[in-house]
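*Asks:* Here you go, sequence then predicted model.
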Amino acid sequence: MALQETIEQTVTGLGYELVEIERTGGGLLRVTIDMPYVQGAERFINAEDCEKVTRQLQFVLEVEGAEYARLEVSSPGIDRPLRNEKDFERFAGELVDITLKAPIGVAASAGSTVAASRKKFRGTLERAPTGTAGWQIVWSDEPAAKPGQKISKKRIPAPLQALGFTLDELHQARLAPVVDFKGRKPKSAPGTGPSTEN
């Protein structure tokens, strides 16, 4: 049985999702796992999960005679890779970084501020409009406001831009690593904005 298949069967058999397998120089075998997606339930990998998978993989890989010097099992982190359609559906509405296999070229329409040689984009992941295949990311070239900066209510915001793509056109896609040192905020109910209290 192939190493990829062995690891995947072991990880899924324990109730986790295999995100990535990476072999690096020096014999390191890195396995990245996540909790299976359940809509409405945000669950995270912890140290005990990684320990459980490590113990089982060490046993299975020894039985299979797999060659490696060191095994590392970890969570996907804040810049989790998106590999398949299921990942894109799970993280629709999130901020993502994508890198295309080829520059957008002729897709950069006249009047657009996007350079034809551009391959990297950051924006909100959305399903492409009906009638078109795949996905799109939407972003604005509006510079982010600095803390304490006053913004005129009369200022016209930069227009939103969108780039449609299919998974075949991607070299890489990851969740954008956005860190908030104030901790996770509960998603506010519709019609309620953030609190103005300090």
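*Replies:* Great, that's in hand.

*Asks:* the helices in this protein, which residues?
*Replies:* 3-13, 47-64, 85-90 (DSSP state H).

*Asks:* ok, and what's touching the last one?
*Replies:* Contact with helix 85-90 is made by 37, 81, 82, 125, 135, 167, 173, as judged by Cβ atoms under 8 Å, 6 or more residues apart in numbering. Where you see a C-beta, it was placed from the backbone N, CA and C, and this is true even at glycine.

*Asks:* again, only this time at 6 Å
*Replies:* By Cβ atoms under 6 Å, 6 or more residues apart in numbering, the residues outside helix 85-90 that reach it are 37, 82, 135.

*Asks:* wait, what's in contact with the first one?
*Replies:* The contact partners of residue 37, by Cβ under 6 Å, 6+ apart, come to residue 90.

*Asks:* pLDDT wise, what is it at?
*Replies:* Looking at residue 37, its pLDDT stands at 85.

*Asks:* Look up how far residue 48 lies from it.
*Replies:* With distances taken as Cβ to Cβ, to the nearest Å, residue 37 is found 20 Å from residue 48.

*Asks:* helices and strands around the lowest-mean-pLDDT helix or strand in the chain, which ones?
*Replies:* Taking mean pLDDT, DSSP states H and E as the measure, the helix or strand of the chain with the lowest value is strand 160-165, at a mean of 85. Applying 3 or more Cβ pairs under 6 Å, 6 or more residues apart in numbering; DSSP states H and E, we find strand 160-165 packed against strand 135-140.

*Asks:* Now do the strand it packs on against strand 160-165: the angle between them, please.
*Replies:* If you take axes from the mean of the first three to the mean of the last three Cα atoms, to 10 degrees, strand 135-140 sits at 160 degrees to strand 160-165.

*Asks:* For strand 135-140, buried residues please.
*Replies:* 135, 136, 137, 139 (16 or more other Cβ atoms under 10 Å).

*Asks:* what's the answer for stretch 48-55, then?
*Replies:* Under 16+ other Cβ under 10 Å, the buried positions of stretch 48-55 are 49, 50, 53, 54.

*Asks:* how about that stretch as CSV, C-alpha atoms only?
*Replies:* In CSV, the C-alpha atoms belonging to stretch 48-55 read as follows (Å, rounded to 0.1, in the frame of the first residue of the first chain):
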residue,chain,number,x,y,z
GLU,A,48,-3.8,15.4,22.5
ASP,A,49,-5.2,14.8,19.0
CYS,A,50,-1.7,15.1,17.5
GLU,A,51,-0.3,12.8,20.1
LYS,A,52,-3.0,10.2,19.4
VAL,A,53,-2.4,10.3,15.7
THR,A,54,1.4,10.2,16.2
ARG,A,55,1.3,7.0,18.3
